[in-house]
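Asks: sequence below, structure please.
(one chain, ligands or ions: 1)
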Amino acid sequence: MAFDVAAVRERYPALADGYAYLDGAAGTQTPVGVIDAITAAYRSGIGNVGGAFPASHRSDAIVAGARRAIADLVGGVPDGVILGANMTTITYRVADALAATWQPGDEIVVSRLDHDANVRPWLQVAARAGVTVRWAEVDLPAGELPVEQYKALVSERTRLVAVTAASNVLGTRPDVASIAALAHEVGALTYVDGVHATPHMPVDVAELGADFYTTSAYKWSGPHIGAVIADPALLSTLSPMKLASSPDSVPERFETGTAPLADLAGVVAAVDHLAGLDSSATGSRRERVLASMAAAEAHEQDLFAVLLGGLAGLPGVTRYGYPARRTATAYFRVSGMTPREVATALAEHKVNVWDGHNYAWELTGVLGVRDTGGAVRAGLVHYNDRSDVDRLLAALAAL
Ligand SMILES: Cc1ncc(COP(=O)(O)O)c(C=O)c1O
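Replies: Next up, the predicted model:
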């Protein structure tokens, strides 16, 4: 394994501004390869897809390349990759199509750990379809989502289990494979939110048991694009609302309007960037992605141990969640200050952190912080280094 954080950081022009970017969970910075790929797409001339001339053929190739890249990043096949504006938009669309197959009296299971984008769409379509919603609860203060409860939550009536692969505030990584196994035993589908998980670990949708898996490229150094990955055979059983004139093929029937073609060229470059994080990795892009994401995870976890150790030594800091398996994402408050005051003070020390509920609406509600400014989130991604962590800890100590 050869992970060189200094070399990685050189690829990110934005990091030269001297700030510690600990806001990656809200959106990452962009490496020069991605910026160049987007520029090159525009420079080369791009037409709309499906035409008879070379610029249109280039666009066809870009779209196909983006589907291949995302399948290499998380597993699955390119024809099962739905591309869209962001995870939330595609999730609403898939939820609408799935709910059309439900009957009154059916049930779904959502979790209190999830980002609202994997909760609210399900509640809203369930209400419309007369479907009962069951809740998986978070074990507070551990910040875990116990698997055991799913045995009582799922039944022959369950049609869908929606669960996150990682919490975007606590970092908790639930045992999704075991939850999915319980869902599949009763014939339910799983909708796994991989938006926070994907940048932090090797992902295999089949190993997770995810019938649907979501990801957003802007969380892993790419442009503002979302994707949902599923088996094309499953997608072909669903009928999302669409124009009469747009393709009925899968996955195209789930996609609306004209795609952001140049940005999709950036998606390919972002996956190539991730595949190269371990410079000693060899083999197919999928193999290099898996090796590189394992290297990135190890790097993040090493730094995170320093960050957590530092937070534990600061008397005014209260952390939320102590999950056993987690991404390098910490959520905390500082006594006597609102989270916004903390974030503002940290910004003066050139440290970027997020404050608020971060759309973890249900979780921050049960944590009791949602209505009082949430908390501060500091997260690490592969381009963060020791100086970022040290700057955060020094700035917090100086508050
Ligand atoms: C865990 C998680 N799920 C879903 C989303 C929503 O993603 P998008 O902005 O692509 O709609 C986010 C965004 O922050 C997230 O962190």
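Asks: residue 387 in helix, strand or coil?
Replies: Using DSSP: H, G, I helix; E, B strand; the rest coil, the three-state assignment for residue 387 comes out as helix.
Asks: what residues are up against the nearest residue to it once chain neighbours are set aside?
Replies: Nearest residue to residue 387, sequence neighbours excluded (Cβ to Cβ, 6 or more residues apart in numbering): residue 20, at 7.2 Å. Any C-beta I mention is one placed from the backbone N, CA and C, and that applies to glycine too. Residue 20 makes contacts with 350, 351, 352, 384, 387, 388, 389, 391, 392, as judged by Cβ atoms under 8 Å, 6 or more residues apart in numbering.
Asks: try residue 155
Replies: Applying Cβ under 8 Å, 6+ apart, the residues near residue 155 are 107, 186.
Asks: quick one: it is in a helix?
Replies: No - residue state for residue 155 (three-state DSSP) corresponds to coil; a helix is not indicated.
Asks: roughly how far apart are it and the ligand?
Replies: Spatial separation of residue 155 from the ligand under the definition Cβ to the nearest ligand atom, to the nearest Å is 27 Å.
Asks: just residue 349 next, same as before
Replies: Looking at residue 349 against the ligand, where the rule is Cβ to the nearest ligand atom, the gap reads 24 Å.
Asks: compute the number of surrounding residues for the residue lying closest to that residue once chain neighbours are set aside.
Replies: Nearest in space to residue 349, with sequence neighbours left out and distances taken as Cβ to Cβ, 6+ apart, is residue 395 at 3.7 Å. By the criterion of other Cβ atoms under 10 Å, residue 395 has 19 neighbours.
Asks: per-residue pLDDT, residue 395?
Replies: In the predicted model, residue 395 carries a pLDDT score of 98.
Asks: ok, it touching residue 345?
Replies: Yes - contact status for residue 395 versus residue 345: in contact at 7.2 Å, counting by Cβ atoms under 8 Å.
Asks: residue 318: what secondary structure?
Replies: Each residue gets one of three states, and residue 318 gets strand by three-state DSSP.
Asks: one step back: the residue nearest to residue 349 is in what secondary structure piece?
Replies: helix 386-397 (DSSP states H and E).
Asks: so what touches that helix?
Replies: Outside helix 386-397, the residues that touch it by Cβ under 8 Å, 6+ apart are 20-22, 303, 306-307, 310-311, 314, 317, 334, 342, 345-346, 349-351, 353, 378, 380.
Asks: and that helix, what's buried?
Replies: If you call a residue buried by 16 or more other Cβ atoms under 10 Å, then helix 386-397 has these buried ones: 388, 389, 391, 392, 393, 395, 396.
Asks: same thing with stretch 315-327?
Replies: With burial defined by 16+ other Cβ under 10 Å, the residues of stretch 315-327 counted as buried are 317, 319, 320, 321, 323, 326, 327.
Asks: next, format those as CSV and append distance to residue 56.
Replies: Below are the buried residues of stretch 315-327 laid out as CSV (distance: Cβ to Cβ, whole Å):
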residue, distance to residue 56
317, 55
319, 53
320, 51
321, 49
323, 48
326, 45
327, 40
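Asks: of all the residues you listed, which two lie farthest apart?
Replies: Greatest spatial distance in those: 317 and 327, 19.2 Å, computed using Cβ to Cβ.
Asks: ok, back up a step: how far does the helix holding residue 395 sit from its chain's centre?
Replies: 26 Å (Cα atoms, centre = their mean, to the nearest Å).
Asks: just the CA trace of it, in PDB.
Replies: Once side chains and other backbone atoms are set aside, the C-alpha atoms of helix 386-397 remain, and they are given as PDB (Å, rounded to 0.1, in the frame of the first residue of the first chain):
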ATOM      1  CA  ARG A 386      -2.100  15.900  10.400                       C
ATOM      2  CA  SER A 387      -1.800  19.700  10.200                       C
ATOM      3  CA  ASP A 388      -5.600  19.900   9.600                       C
ATOM      4  CA  VAL A 389      -6.300  17.900  12.800                       C
ATOM      5  CA  ASP A 390      -3.700  19.800  14.800                       C
ATOM      6  CA  ARG A 391      -5.100  23.200  13.700                       C
ATOM      7  CA  LEU A 392      -8.600  22.100  14.700                       C
ATOM      8  CA  LEU A 393      -7.500  20.900  18.200                       C
ATOM      9  CA  ALA A 394      -5.400  24.000  18.800                       C
ATOM     10  CA  ALA A 395      -8.200  26.300  17.800                       C
ATOM     11  CA  LEU A 396     -10.700  24.500  20.000                       C
ATOM     12  CA  ALA A 397      -8.300  24.700  22.900                       C
END
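Asks: number of residues surrounding the nearest residue to residue 242 once chain neighbours are set aside?
Replies: Residue nearest to residue 242 in three dimensions, not counting chain neighbours: residue 253, with 5.6 Å by Cβ to Cβ, 6+ apart. Residue 253 is flanked by 20 other residues according to other Cβ under 10 Å.
Asks: now for residue 253: which residues touch it?
Replies: With Cβ under 8 Å, 6+ apart as the criterion, the residues that contact residue 253 are 235, 239, 240, 242, 246, 247.
Asks: mark which of those are buried, thanks.
Replies: Among these, those classed as buried by neighbour count (16+ other Cβ under 10 Å) are 235, 240, 242.
Asks: and stretch 234-241, end to end?
Replies: In terms of Cα to Cα, to the nearest Å, the two terminal residues of stretch 234-241 are separated by 16 Å.
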